[in-house]
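Undergrad: everything below, folded, please.
(one chain, ligands or ions: 1)
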Amino acid sequence: MRRVNVVLQHITRSASAVPEVSLQATSGADTLSVVDNRTGKSYDIKITDNTIKGGDLKAIKGTDGQGLMTFDPGYGATTCCVSKISFIDGDKGILRYRGIPIEQLAEKSSYMETSFLVLYGELPTAAQLQKFEKEVMQHSFINQDLNKMTECFRYDAHPMGMLCAAFAALGTLHPEANPAIAGQNIYKDPAVRNKQILRIIGNGPTLAAMAYRHKIGRPFIQPNPDFSYTENFLYMLDVMHEGPNGFRPHPKIVHAVDVLLILHAEHELNCSTSAMRHLASSNVDVYTSISAATGALYGPRHGGANEAVLRMLEKIGHKDNVADFVQKVKDRKETLMGFGHRVYKNYDPRATIVRKLVDDVFAICGTDELLEVAMALEKIALEDEYFKSRKLYPNVDFYSGLIYKALGIPTDMYTIMFALPRLTGWLAHWQEWVVDPDNKIYRPFQVYKGIDVRDYEEPKNRQAKIDDAALAAPRSAVNRRRDAAKGEARVAYSQILPGTDD
Ligand code: CMC
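TA: This next block holds a predicted model:
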């Protein structure tokens, strides 16, 4: 009902495929009665799944003939698809993949099994799981052109930027899987979809490990398909001279990272998954869609929050500075990264599970002094009325960042650790979108409030109407030096070195 009320509050324009009624609201009916006060007409709009159809509102037309729209920046009250992949109840702190509670999956499943569940809707049999994991691992080898591409990045390039580029580049290596080249309907074939799924999930850890090794200046190494998915990923990060027979990551660390992968595999229509569906709706190749979704995840309000949490904790520096920082948040000078969620308004069930993992990882890798800062921050924020009244609780990123820190993973790699498992969720939504009979190109509308119409003005007749300050872009120190050499500030040579001509 809250959703419908919000929609109604935002009604800005309004006329009539929707049945017109006399307003005698029948309580208990699954309809919404609306009076358009501009025309005096009343309408009965059907409510299904606590949702009214936008098209039903559009059929309500004012005297100008314009259909009624809803205004919903941030899509806080908009549903755009029917999905069967994951269920979230933000008030109760519930997350289920294909109906199975996240707590059960974290305790009993593996990332590969969860990935199969999320992608195909059912838990695999033992034989199906073995086949799926084997095929994913066979696709862990990447085309050597991607090695060359990675080598071209600067030593300090952000791994997420490299990953976005790598997925887009991967698409260029597979023209047979590109609707622009191979035909608009190729993705309707489940075998074609399966192939891209295996390739993307299989290549993901190798591309991520490559970004990491490039950053720390180690040579790229080949995957070991005999290891499990997660073990192989950690192996590719860490192996030095030992080779696959001499180095295996610690099993408890493998387990902790595997649980983190499960927790991050899917989260319905968040910013990056919506981006995935948005791109898919144009029928662009799936690699470009994955690249775009990776880009959306990179943002600090979304998956980039785990990195932002660490940067925030480093900035706070010591637990004695926490109270001051919290005051700055309340004064709106800072954002408390790792707190708050668009959907979870009670607690984030993933955060509860990760919180428990923190101790396991610290027992193996040692604690980190930033944990004290994090715990002091958590305590103050959970007790403070400002955060309680706004239902701001730690989210999954608050604790996952601490684990990555303890594992010695560089801060700018944290979002990569989120992107890898989310490949599963993005691909599940891509599959669902491809076979959805209601799929249409995504194309929202706007309320236009700009200048109505005016004539083009010749340059000689124009007066500046934009303040120069609004157009300013800083010059780099190098360019300021170059400007000085040729600009007004230039001092004649003859003044500096008497006797020379300028
Ligand atoms: N620090 C301080 N104030 C906050 C925060 C925060 N992290 N988050 C929300 N608020 C305030 C907000 O200013 C508003 O206050 P008021 O009503 O006085 O104006 C109030 O709380 C309600 O916020 P909201 O409008 O319901 O928040 P939203 O749904 O638009 O944004 C969010 C959700 C996740 C973008 C936001 O909470 C945020 O920026 N959090 C920090 C970044 C972060 O940790 N993101 C990771 C999310 S979990 C991983 C994922 O799935 O992406």
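Undergrad: now do the same contact list for the nearest residue to residue 223 once chain neighbours are set aside.
TA: In this structure, residue 223 finds its nearest non-sequential neighbour in residue 140, 3.9 Å apart by Cβ to Cβ, 6 or more residues apart in numbering. For the C-beta atoms, the positions are set from N, CA and C on the backbone; glycine is no exception. Taking Cβ atoms under 8 Å, 6 or more residues apart in numbering, we find residue 140 in contact with 202-203, 205-206, 223, 225, 232.
Undergrad: from the ligand, how far off is residue 140?
TA: Distance, residue 140 to the ligand, using Cβ to the nearest ligand atom, to the nearest Å: 26 Å.
Undergrad: could you do residue 77 as well?
TA: On the measure of Cβ to the nearest ligand atom, residue 77 and the ligand end up 12 Å apart.
Undergrad: next up, the contacts around the residue of the stretch 1-150 of the chain found nearest the ligand.
TA: Proximity of the stretch 1-150 of the chain to the ligand (Cβ to the nearest ligand atom) peaks at residue 74, 6.1 Å away. Applying Cβ under 8 Å, 6+ apart, we find residue 74 in contact with residue 342.
Undergrad: which parts of the biggest helix by length in the chain are buried?
TA: Counting by DSSP state H, the longest helix found in the chain is helix 190-216. Neighbour-count burial for helix 190-216, counted by 16 or more other Cβ atoms under 10 Å, picks out 192-193, 195-215.
Undergrad: what of stretch 234-244?
TA: Result for stretch 234-244 [16+ other Cβ under 10 Å]: buried residues 234-239, 244.
Undergrad: tabulate the residues you listed (a markdown table), appending secondary structure, pLDDT and distance to residue 403.
TA: As requested, the buried residues of stretch 234-244 are exported to a markdown table (DSSP: H, G, I helix; E, B strand; the rest coil; pLDDT from 0 to 100; distance: Cβ to Cβ, whole Å):
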| residue | secondary structure | pLDDT | distance to residue 403 |
| --- | --- | --- | --- |
| 234 | helix | 96 | 13 |
| 235 | helix | 96 | 19 |
| 236 | helix | 96 | 19 |
| 237 | helix | 95 | 15 |
| 238 | helix | 93 | 16 |
| 239 | coil | 92 | 21 |
| 244 | coil | 76 | 26 |
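Undergrad: now, the most widely separated pair of those?
TA: 237 and 244 (13.8 Å; Cβ to Cβ).
Undergrad: what ranges does the chain have for its strands?
TA: Using DSSP state E, the strands of the chain run over 31-36, 41-46, 86-89, 94-97, 100-101.
Undergrad: partner strands of the fourth one, parallel or antiparallel?
TA: In its sheet, strand 94-97 lies beside strand 86-89 (antiparallel), strand 100-101 (antiparallel), with partners assigned from DSSP bridges.
Undergrad: most tightly packed of those?
TA: Of all the strands paired with strand 94-97, strand 86-89 carries the top mean neighbour count, a mean of 18, counting by mean count of other Cβ atoms under 10 Å.
Undergrad: got the contact list for it?
TA: Strand 86-89 is contacted from outside by 94-99, 118, 266-268, 343-344, 425, using Cβ under 8 Å, 6+ apart.
Undergrad: quick check: the residue of the protein nearest the ligand.
TA: The chain approaches the ligand most closely through residue 340 (2.4 Å), counting by Cβ to the nearest ligand atom.
Undergrad: show me the contacts for that residue.
TA: Per Cβ under 8 Å, 6+ apart, neighbours of residue 340: 390, 392-393, 395.
Undergrad: same check on residue 83?
TA: Residue 83 is in contact with 268-269, 429, 432, counting by Cβ under 8 Å, 6+ apart.
Undergrad: what is the nearest of the residues you listed to residue 313?
TA: Closest to residue 313 out of those is residue 268 (28.7 Å), distances taken as Cβ to Cβ.
Undergrad: any idea how far the closest one is from residue 81?
TA: 10 Å (Cβ to Cβ, to the nearest Å).
Undergrad: before we move on, back to that, helices - which of the contacts of residue 83 land there?
TA: Using DSSP H, the contacts of residue 83 in helices are 429, 432.
Undergrad: quick one: which of the contacts of residue 83 is most hemmed in?
TA: Using other Cβ atoms under 10 Å as the neighbour criterion, residue 429 leads these with 27 neighbours.
Undergrad: my guess is that one meets residue 277, correct?
TA: Yes. Counting by Cβ atoms under 8 Å, a contact exists between residue 429 and residue 277, whose distance comes to 5.6 Å.
Undergrad: which neighbours do these two have in common?
TA: Contact criterion Cβ under 8 Å, 6+ apart; residues shared by residue 429 and residue 277: residue 269.
Undergrad: state the distance from the closest residue to residue 440 other than its chain neighbours to residue 300.
TA: Using Cβ to Cβ, 6+ apart and skipping the chain neighbours, the partner closest in space to residue 440 is residue 281 (6.9 Å). As defined by Cβ to Cβ, residue 281 lies at a distance of 26 Å from residue 300.
Undergrad: run a quick neighbour tally on the nearest residue to residue 90 once chain neighbours are set aside.
TA: Sequence neighbours aside, residue 343 is the residue nearest to residue 90 in space, at 3.8 Å (criterion: Cβ to Cβ, 6+ apart). By other Cβ under 10 Å, the residues close to residue 343 number 16.
Undergrad: what pLDDT does the model give residue 343?
TA: Per-residue pLDDT puts residue 343 at 88.
Undergrad: domain parsing for the protein?
TA: Under automatic domain parsing, the residue ranges defining each domain of the chain are 2-75, 91-438.
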